[in-house]
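*Asks:* Fold the following.
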Amino acid sequence: MKDFKKCRDKMSKAFSNSARNGNGRQKACKYLNEVALSNALEMAKELISVINKVPVTVFLWRPEKYWPAEFVSENIKQFGYTVEEFTSGKLLFGNIVHPDDLERVERELLRRIDEDYVDFTQEYRILTKSGEIRWVEERTFIEADENGVVKYLKGIILDITERKRKEKLLYIQRDLGIALSTSSSLNETLETLLDSCLQIDEINAGGIYLIDEKTGDMTLTAYRGLSPNFVKYGSHYSANSPNTRLVMIGQPVYKQHIDLLLTSRDDALRHENLRAAAIIPVSSGDKIIAAFYLASSLEYEFPDSVRTVIETIAIQFGAFISRIRLEEKLKECKQEKKFLNKNAI
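*Replies:* Numbers count the residues shown, from 1 in each chain. This next block holds a predicted model:
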């Protein structure tokens, strides 16, 4: 309000002087322009401040090869880059688009421009400064003049890596559920289970141990990504070993691989190139019948979303075993009934 009164007083003074001074109106107009410019600059600063506080990155590109940036918001630092790297021309936006996606991104932009789109959305991968792959969703706004010539491209970029990862995990569970519902072969199912687990980005090694119903011993029956040394020294555990007893507690265990070496025999596995590890017991009814050992040579810890999926896979496997055993019992009953009927004749 004070600023308004101050502005009003100055304007009144300028206009009152116009009777005595011919340039009074000119001064008043000049002052108004200065106020308008100052307000516009303040609004621009506020807008940039808001942009930098939201979890998106905003770009203003020239419509040239690989999209040189005129402006980029501070949030570009979430990908490891600085604003100056782009605005100086040292980096073009196309330089950070994943090479496998770059042609598609270019083609999609050209198609939308040809079809006179004002805005559109697409998903693709980019590379962070450290080389990590991130999925982003970009909303592009195409700014053209009255002749249809594109002057600028405005982009709002949102990191959707976590969403894409969760979608992938859901697809893995769905596909595995379909496969298990039609399978009747245990060996085939074990291979399918491991294939599904290794589709999870954080997991690149694992095995499935089956527990002998009579002895209680635990034997590595199927595996992927484990070294010959691991298979040699970690393929069998007796019923009374610390490893088997840990599984029989029935709770998932998430630790570093080195922290799961519980016996002197396991010392031979100390130098395996494995970091995060998980032991997931598998139950059928009230009995523990198997265990997953899943590990990563890259990650130090499995995130909660991955833990949820592998525990769900273990439940799916337990349900499969229950179904197979029920089918075997029904088959035995039919054979027994057939045998009794045959002898009764």
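*Asks:* the helices in the stretch 51-200 of the chain, which residues?
*Replies:* 83-87, 99-114, 161-182, 186-197 (DSSP state H, counting those that start in this stretch).
*Asks:* Let me know the pLDDT of R134.
*Replies:* Looking at R134, its pLDDT is 95.
*Asks:* what's the least confident helix or strand in the chain, going by average pLDDT?
*Replies:* helix 2-17 (a mean of 50; mean pLDDT, DSSP states H and E).
*Asks:* State the distance from E311 to C197.
*Replies:* Distance of E311 to C197, given as CB to CB, to the nearest Å: 11 Å. C-beta: built from backbone N, CA, C; applies to glycine.
*Asks:* between the two, who's got more neighbours?
*Replies:* Between E311 and C197, C197 has the larger neighbour count (other CB atoms under 10 Å), namely 26 against 15.
*Asks:* which of the helices of the stretch 51-200 of the chain is buried the deepest?
*Replies:* Among these, ranked by average contacts under mean count of other CB atoms under 10 Å, first place goes to helix 186-197 (a mean of 18).
*Asks:* who does it touch, helix- and strand-wise?
*Replies:* Packing partners of helix 186-197 (3 or more CB pairs under 8 Å, 6 or more residues apart in numbering; DSSP states H and E): helix 161-182, strand 205-211, strand 218-224, strand 287-295, helix 304-344.
*Asks:* so how far is the fourth one off the chain centroid?
*Replies:* Right, strand 287-295. 26 Å (CA atoms, centre = their mean, to the nearest Å).
*Asks:* The first one now?
*Replies:* The chain centre lies 13 Å from the centre of helix 161-182; the measure is CA atoms, centre = their mean.
*Asks:* and the angle from it to helix 186-197?
*Replies:* Taking axes from the mean of the first three to the mean of the last three CA atoms, to 10 degrees, helix 161-182 and helix 186-197 form an angle of 170 degrees between their directions.
*Asks:* Share the number of residues neighbouring the residue nearest to I126 when sequence neighbours are not counted, please.
*Replies:* Leaving aside its chain neighbours, I126 sits nearest to I96 (5.0 Å; criterion: CB to CB, 6 or more residues apart in numbering). By other CB under 10 Å, 22 other residues sit near I96.
*Asks:* Could you do G131 as well?
*Replies:* Neighbourhood size, G131 [other CB under 10 Å]: 7.
*Asks:* Give me the pLDDT value at it.
*Replies:* 92.
*Asks:* separation between it and G80?
*Replies:* In this view, G131 and G80 are 9 Å apart by CB to CB.
*Asks:* Surely T219 touches Y209?
*Replies:* Yes - counting by CB atoms under 8 Å, T219 does reach Y209; the two are 6.2 Å apart.
*Asks:* Quick check: closest non-adjacent residue to E272.
*Replies:* Using CB to CB, 6+ apart and skipping residues adjacent in sequence, the residue nearest E272 is F230, 5.7 Å away.
*Asks:* Just give me the neighbour total for the one you found.
*Replies:* Per other CB under 10 Å, the neighbour tally for F230 reads 21.
*Asks:* T219 and Y209 - which one has more neighbours?
*Replies:* Neighbour count, other CB under 10 Å: between T219 and Y209, Y209 has more, with 26 against 14.
*Asks:* residues near I211, how many?
*Replies:* When neighbours are defined as other CB under 10 Å, I211 has 21 of them.
*Asks:* Please apply the same query to D212.
*Replies:* D212: 11 surrounding residues under other CB under 10 Å.
*Asks:* Nearest to D116, out of the helices and strands packed on helix 186-197?
*Replies:* helix 161-182 (30.2 Å; CB to CB).
*Asks:* So which elements touch the closest one?
*Replies:* Against helix 161-182 (3+ CB pairs under 8 Å, 6+ apart) you get strand 133-144, helix 186-197, helix 304-344.
*Asks:* Taking strand 133-144 as reference, get the angle to it.
*Replies:* Put simply, helix 161-182 runs at 120 degrees to strand 133-144, going by the same axes, to 10 degrees.
*Asks:* rewinding a little: need the helices and strands packed on helix 186-197 in TSV with mean pLDDT and distance to Q251, can you?
*Replies:* Listed next are the helices and strands packed on helix 186-197 as TSV, based on pLDDT from 0 to 100; distance: least, CB to CB, whole Å:
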stretch	mean pLDDT	distance to Q251
helix 161-182	88	21
strand 205-211	95	16
strand 218-224	95	16
strand 287-295	95	10
helix 304-344	78	10
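*Asks:* remind me which residues of the stretch 1-150 of the chain are low pLDDT?
*Replies:* Scanning the stretch 1-150 of the chain for pLDDT under 70 picks out 1-54.
*Asks:* That concludes my questions; thank you for your assistance.
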